[in-house]
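Q: 3D, please:
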Amino acid sequence: MELLITYDDQAEAEAAAELITGKKRLASDRDDNEIIYRLFGEPSWTNFFKLGMYDLPLLKELVDLKKAGEPYDADRHEGILASLQFVESSHGLKVPEHWR
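A: Predicted structure coming up:
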């Protein structure tokens, strides 16, 4: 398990924990006078998508438009793919070819 995301709100953190699959753990830490909630889980594209991370929901929309032959923001598409290189290297994942 790895740290996936941090939340300031307990209800939001608990709701996010319910979305993801696989092993997971929600931990709370006091940071000065605030409590933060850290969601640990399996780093996967599915979990990142369910959490709305790395613009994956937007990427799905863009890929769907592209596949349908509809106009789409190609620059934004390429920008998201470029930013996912960080995710690939830090979590050992590979961007699926059908996202390109």
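Q: sketch out the low-pLDDT regions of this protein for me.
A: Applying pLDDT under 70 to the chain picks out no residues at all.
Q: how about the helices of it, start to end?
A: Applying DSSP state H to the chain gives helices spanning 10-19, 45-50, 56-67, 74-91.
Q: and among the ones you listed, the most buried is which?
A: Greatest average neighbour count among the helices of the chain goes to helix 45-50 (a mean of 17), per mean count of other CB atoms under 10 Å. C-beta here means a position set from N, CA and C on the backbone, and glycine is covered the same way.
Q: that one packs against which elements?
A: Judged by 3 or more CB pairs under 8 Å, 6 or more residues apart in numbering; DSSP states H and E, the packing partners of helix 45-50 are helix 56-67.
Q: okay, angle between the helix it packs on and helix 74-91 too, please.
A: Calculated by axes from the mean of the first three to the mean of the last three CA atoms, to 10 degrees, helix 56-67 forms an angle of 130 degrees with helix 74-91.
Q: okay, helix 56-67 in CSV with CA atoms only?
A: Taking Å, rounded to 0.1, in the frame of the first residue of the first chain, the C-alpha atoms of helix 56-67 are listed here in CSV:
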residue,chain,number,x,y,z
LEU,A,56,-8.1,10.9,-15.5
PRO,A,57,-11.9,11.6,-15.8
LEU,A,58,-11.1,14.3,-18.3
LEU,A,59,-8.7,12.1,-20.1
LYS,A,60,-11.5,9.5,-20.5
GLU,A,61,-13.8,12.1,-22.0
LEU,A,62,-11.1,13.2,-24.4
VAL,A,63,-10.2,9.7,-25.5
ASP,A,64,-13.9,8.9,-26.0
LEU,A,65,-14.3,12.0,-28.1
LYS,A,66,-11.2,11.1,-30.1
LYS,A,67,-12.3,7.5,-30.7
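Q: list the helices and strands it packs on?
A: Against helix 56-67 (3+ CB pairs under 8 Å, 6+ apart) you get helix 45-50, helix 74-91.
Q: would a markdown table of these with distance to R100 be doable?
A: As requested, the helices and strands packed on helix 56-67 are arranged in a markdown table below (distance: least, CB to CB, whole Å):
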| stretch | distance to R100 |
| --- | --- |
| helix 45-50 | 14 |
| helix 74-91 | 7 |
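Q: okay then, goodbye and thanks.
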